[in-house]
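[1] here's a sequence, model it:
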Amino acid sequence: MTEIRRCRNEDIELVMDFIDCHWQSGHSLAVSRKLMDWQHEESEGDYNYLIAIRGKLVLGILGYITSCRFDPALAGKNVIWLALWKVLDNVGETGLGLRMLNTLVTLEPHSTIAVNGINATHPPMYRALRYETGELKQFYVVNSQCERRLLNDSVGCSFPVPREGLSQFVEMQEKDLTALDPDFIVKDIANPKSPVYFSNRFLKHPFYQYRVFRVDGSTHDTALLATRVAEHDGSRVLRIVDFAGDPKAIAAFGSAIKMLMIEEHAEYADFWQLGLPDEYFEEAGFALHDPESDVILPNYFEPFLQRNGRMLYALKSKTVLPAVICRADGDQDRPNRLPS
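    Okay, the predicted model is just below:
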């Protein structure tokens, strides 16, 4: 009989083998125990994976990441972000994948469950399960002082450049974040994040080099944002991967983004998100990118693909509060290629 249960420490090698054999050979989570442990290991030694197992044969896996993993104080509004989900074909059990999802919903206390970066064919399935579905927006702004080799424009157009703003970026280290008031971040969203969350999620990442900034301005509450540089063939892009706080802070940080792009030698900066008002980006000089346009802003760098991307999501919440989804939610901002 097939058993569905949480992955134990002694099971994790089976999960990694399953990913390698049935998802993608050489996948980063199949070859790096360090990455697997950082992203999915719980303090008691279990892992944030459900496995469907018959004897010693793994028939399916369902990975997930919880927001309270990075700050236990968020447990009251814990968000489950679904990750790698795969069930073998012809297992002889109809609906095994759905049984795994239902088990997870029962097993893991949460107020919201979501997935970021779903396959284009999956929204109907999630809608049938009463999830909200949609697409993140990609805003971008270019560095006029840098040669553009990654950003491809086959027809010629005027690219958006940052507008002057009064906000400043103050880079934060772990000690700075943990010293902030826990209520520093606005809490009235379905998936709140805290300074401790930013410290653990970004500054302690084992492979990626993130930077976290406090956005300071005179006319609004402050906010936090996390950035990372993606690089290909010597060209660099600044990615704003997460944000928490007063959305008005975005409207005044054009000058700060300009200086950060110059410092990072980035061709442009992009910000994938859902739930933050468009007008604040426009005030800062950002433009909304149309993935169907001739302007190519590469989304994939590992491996690099010179084409636009889309980022679809599904979400179901027990609260009526709105959600703010960014690129780094779930497992979207995860290494696909690791250092040798």
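
[2] how about the contacts made by Met100?
    Met100 is in contact with 4, 50, 52, 60, 62, 85, 87, counting by Cβ atoms under 8 Å, 6 or more residues apart in numbering. Where you see a C-beta, it was placed from the backbone N, CA and C, and this is true even at glycine.

[3] widest-spaced pair of those residues?
    Maximum pairwise distance among the contacts of Met100 (Cβ to Cβ): 12.9 Å, between Ile4 and Trp85.

[4] picking that back up, nearest to Tyr210 among the contacts of Met100?
    Within those, the smallest distance to Tyr210 is 25.9 Å, found for Trp85 (Cβ to Cβ).

[5] make sure that closest one is indeed in a helix.
    No: applying DSSP: H, G, I helix; E, B strand; the rest coil, one finds Trp85 to be strand, outside a helix.

[6] SS state for Asp270?
    strand.

[7] in the sheet, who's paired with it?
    Partner residues in beta bridges with Asp270, using DSSP bridges, are Tyr140, Arg239.

[8] so it makes contact with Val295?
    No: with contact defined as Cβ atoms under 8 Å, Asp270 does not count as touching Val295 (11.7 Å).

[9] hmm, back to that, reformat the contacts of Met100 as CSV; add pLDDT and distance to Gly26.
    As requested, the contacts of Met100 are exported to CSV (pLDDT from 0 to 100; distance: Cβ to Cβ, whole Å):
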residue, pLDDT, distance to Gly26
Ile4, 96, 27
Leu50, 97, 24
Ala52, 97, 24
Gly60, 97, 21
Leu62, 98, 21
Trp85, 96, 19
Val87, 96, 21
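
[10] neighbour count and secondary structure added to these, as TSV?
    Below are these laid out as TSV (neighbours: other Cβ atoms under 10 Å; DSSP: H, G, I helix; E, B strand; the rest coil):
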residue	neighbour count	secondary structure
Ile4	18	strand
Leu50	24	strand
Ala52	23	strand
Gly60	22	strand
Leu62	23	strand
Trp85	20	strand
Val87	18	strand
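
[11] turn the residues you listed into CSV, columns for distance to Phe253.
    CSV is the format used below for those (distance: Cβ to Cβ, whole Å):
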residue, distance to Phe253
Ile4, 46
Leu50, 40
Ala52, 46
Gly60, 44
Leu62, 38
Trp85, 36
Val87, 44
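
[12] quick check, nearest of the residues you listed to Phe281?
    Trp85 (32.0 Å).

[13] the closest one: what's it in contact with?
    Counting by Cβ under 8 Å, 6+ apart, Trp85 makes contact with 61-63, 97, 100-101.

[14] what's opposite it in the beta bridge?
    In this entry, Trp85 is beta-bridged to Leu62, by DSSP bridges.

[15] what is the helix or strand bottoming out on mean pLDDT in the chain packed up against?
    Lowest on mean pLDDT, DSSP states H and E among the helices and strands of the chain sits strand 152-153, with a mean of 76. For strand 152-153, the packing partners by 3 or more Cβ pairs under 8 Å, 6 or more residues apart in numbering; DSSP states H and E come out as strand 295-296.
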